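Trainee: just coords:
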């Protein structure tokens, strides 16, 4: 991790060890809170912030524990393995979302969980997905931004499915931070890794939609269909990429939005 604002320019410091497995995703909130997920070990949150990385009293705390997750599973799970996704609300780091195994569900099914207390306890949402290729330890474990939270409104949360088996839609949204409904104008994903690379454009400003202030622009890629853009806070979406690229069998693997609103992504063709 890079040094904090008080450190000399160009100085790098190593974060304390303590996470198990290969780190496959990392998230950073505006208050300096840090969280990461691993392929087989667990999901973790740093007990300090970016300003206290050299304080030996801080450590990486596991979030997939019986005490915090047992009730959401409906009992003791067979294993607390890695997480397929883990994010914090940029403006409210105590609100977290994670894609974890769907205990008691069909084989290869995972579910979206939410936490309001920085990962100490979890509640399973209604979003369940099929991940045929191994979830947290599969070939798409390093795919990012499967879940995205509006940077100016932590109640607005988007989640994409890995594979739309049995679903008519592949993107779900919560406008209250908890209850998810399908985005009706976006159909099922058809190629791996499904829906990844969801990003809000901070430079676009805000818009009032449904009585809420939301970030005006966001990008939602859907494997096998194309890349969708909203310019009105998620009220409408238009596919903007497949015609320009000349094919629609694309999937986004990783993505980032720069400060000027330019969207960068790694694109996979035909699910390969």
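Mentor: Looks like it arrived, so ask away. Since this is a predicted model, take the numbers as computed values, not measurements.
Trainee: surely residue 191 meets residue 221?
Mentor: No - under the criterion of C-beta atoms under 8 Å, residue 191 is not in contact with residue 221, lying 10.9 Å apart. Just so you know, the C-beta spots here come from the backbone N, C-alpha and C atoms, and that holds for glycine as well.
Trainee: more crowded one of those two?
Mentor: Neighbours of residue 191 and residue 221, each counted by other C-beta atoms under 10 Å, are more numerous for residue 221; the result is 29 against 19.
Trainee: How about the more buried one: which residues does it bridge to?
Mentor: Applying DSSP bridges to residue 221 gives these bridge partners: residue 227.
Trainee: Surely it and residue 239 touch.
Mentor: No - here residue 221 does not reach residue 239: they are 10.0 Å apart, not a contact under C-beta under 8 Å.
Trainee: before we move on, the earlier item: shared neighbours of residue 191 and residue 221, which are they?
Mentor: Taking C-beta atoms under 8 Å, 6 or more residues apart in numbering as the contact rule, residue 191 and residue 221 both touch 250-251.
Trainee: Walking through the stretch 151-272 of the chain, point out its helices one by one.
Mentor: 242-245 (DSSP state H, counting those that start in this stretch).
Trainee: Could you list the low-pLDDT ranges of it?
Mentor: In the prediction, the stretch 151-272 of the chain carries residues with pLDDT under 70 at positions 164-165, 243-244, 246, 270-272.
Trainee: Where do the strands of it begin and end?
Mentor: Here the stretch 151-272 of the chain has its strands, by DSSP state E, counting those that start in this stretch, at 157-160, 171-174, 180-182, 199-209, 212-222, 226-230, 238-239, 250-257, 263-269.
Trainee: Using a markdown table, lay out these together with distance to residue 147.
Mentor: Output for the strands of the stretch 151-272 of the chain, formatted as a markdown table (distance: least, C-beta to C-beta, whole Å):
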| stretch | distance to residue 147 |
| --- | --- |
| strand 157-160 | 5 |
| strand 171-174 | 10 |
| strand 180-182 | 11 |
| strand 199-209 | 11 |
| strand 212-222 | 11 |
| strand 226-230 | 16 |
| strand 238-239 | 21 |
| strand 250-257 | 13 |
| strand 263-269 | 16 |
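Trainee: ok, residue 82 - contacts?
Mentor: Contacts of residue 82 (C-beta under 8 Å, 6+ apart): 21, 24, 37-43, 135-137, 141.
Trainee: Quick one: residues contacting residue 68.
Mentor: Residue 68 sits next to 115, 119-122 when contact means C-beta under 8 Å, 6+ apart.
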